[in-house]
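Visitor: Have a look at this prediction, sequence included:
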Amino acid sequence: MENFNIFIRSIFVDNMIFAYFLGMCSFLAVSKNVKTAFGLGIAVTFMLTITLPVNYLLEMHILRPGALAWLGPDYANVDLSFLSLIIFIAVIASMTQLVEMAVEKYAPALYSSLGIFLPLIAVNCAILGGSLFMQQRNFPSIGTATCAGFGWGLGWLLAIVAVAAIRERLATYSNIPRPLRGVGITFILTGLMGIAFMSFLGIKI
């Protein structure tokens, strides 16, 4: 039940875009049409789902103070937490390479439409933010970390697809003032949806 609660909160309450505004660079650039936004959202969801449990295991068994006690009493006081940031980034970069190769092989059209933003998943702050939140919140198990990562990924997917759908409708049916076209109207939409998502703050399961 606790994992389910964290999963729901990760999607709606702790939404990476509407609550923390993480991953905004690719969010703003790729949310022009639903198909491309959905493809990138799936990639980000996959990345968060697989990197959080990997980084959780590294944090629990290697990086945190005393984590190396399993090697013997001589290592009980070793603290490698200063390496956590670079290790998390290395894991994310490695997984991104695998995702990029898979998308290029099995979905070349999506790979072409995403362009430079697919390899830039490696520096997407939403993905790194997930691992840092995991570290900060001291999740009790790898299952909790996986649920949180999957929820944050789905929340990011929901955000980018929703904004992409609204942008498509606005481009078709609305006469947006020239200074607000593109990024301007997207910032306004994101702010308004962020305010709307604040209504989920009182959610209890």
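Guide: Yep, that arrived.
Visitor: going forward, measure contacts and count neighbours with C-alpha atoms only.
Guide: Will do.
Visitor: Skipping adjacent residues, who's closest to residue 16 in space?
Guide: Leaving aside its chain neighbours, residue 16 sits nearest to residue 22 (5.4 Å; criterion: C-alpha to C-alpha, 6 or more residues apart in numbering).
Visitor: tell me which element residue 17 falls in.
Guide: Under the criterion DSSP states H and E, no helix or strand holds residue 17.
Visitor: Sorry, wrong one. I was asking about residue 145.
Guide: Assigned by DSSP H and E, residue 145 falls within helix 142-173.
Visitor: again with residue 19
Guide: Of the helices and strands defined by DSSP H and E, none includes residue 19.
Visitor: Distance check, the closest residue to it other than its chain neighbours against residue 168.
Guide: Closest residue to residue 19 apart from its sequence neighbours, by C-alpha to C-alpha, 6+ apart: residue 194 at 6.4 Å. In this view, residue 194 and residue 168 are 19 Å apart by C-alpha to C-alpha, to the nearest Å.
Visitor: on that earlier part again, the residue nearest to residue 16: how many residues sit nearby?
Guide: By the criterion of other C-alpha atoms under 10 Å, residue 22 has 20 neighbours.
Visitor: List the contacts of it.
Guide: 16, 124, 125, 126, 129 (C-alpha atoms under 8 Å, 6 or more residues apart in numbering).
Visitor: Over to residue 25?
Guide: Applying C-alpha under 8 Å, 6+ apart, the residues near residue 25 are residue 124.
Visitor: Specify the local secondary structure of it.
Guide: Following DSSP: H, G, I helix; E, B strand; the rest coil, the label given to residue 25 is helix.
Visitor: one step back: what's in contact with the helix or strand hosting the residue nearest to residue 19?
Guide: Secondary structure from DSSP H and E places residue 194 in helix 183-197. With C-alpha under 8 Å, 6+ apart as the test, helix 183-197 has contacts from 12, 13, 17, 18, 19, 28, 163, 167.
Visitor: Take those residues and write them to a markdown table, including distance to residue 98.
Guide: A markdown table is the format used below for the contacts of helix 183-197 (distance: C-alpha to C-alpha, whole Å):
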| residue | distance to residue 98 |
| --- | --- |
| 12 | 29 |
| 13 | 30 |
| 17 | 25 |
| 18 | 28 |
| 19 | 29 |
| 28 | 24 |
| 163 | 28 |
| 167 | 31 |
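Visitor: rewinding a little: what angle separates the helix holding residue 145 from helix 183-197?
Guide: Going by axes from the mean of the first three to the mean of the last three C-alpha atoms, to 10 degrees, helix 142-173 is angled at 130 degrees with respect to helix 183-197.
Visitor: Now a ChimeraX select for only the buried ones of the contacts of helix 183-197.
Guide: Command for ChimeraX, covering only those of these found buried under the criterion 16 or more other C-alpha atoms under 10 Å:
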select :12,13,17,18,19,28,163,167
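Visitor: what's the farthest-apart pair in the contacts of helix 183-197?
Guide: Pairwise distances across the contacts of helix 183-197 (C-alpha to C-alpha) peak at 23.3 Å, for the pair 13 and 167.
Visitor: Can you pull out the low-pLDDT segments for the protein?
Guide: 203-205 (pLDDT under 70).
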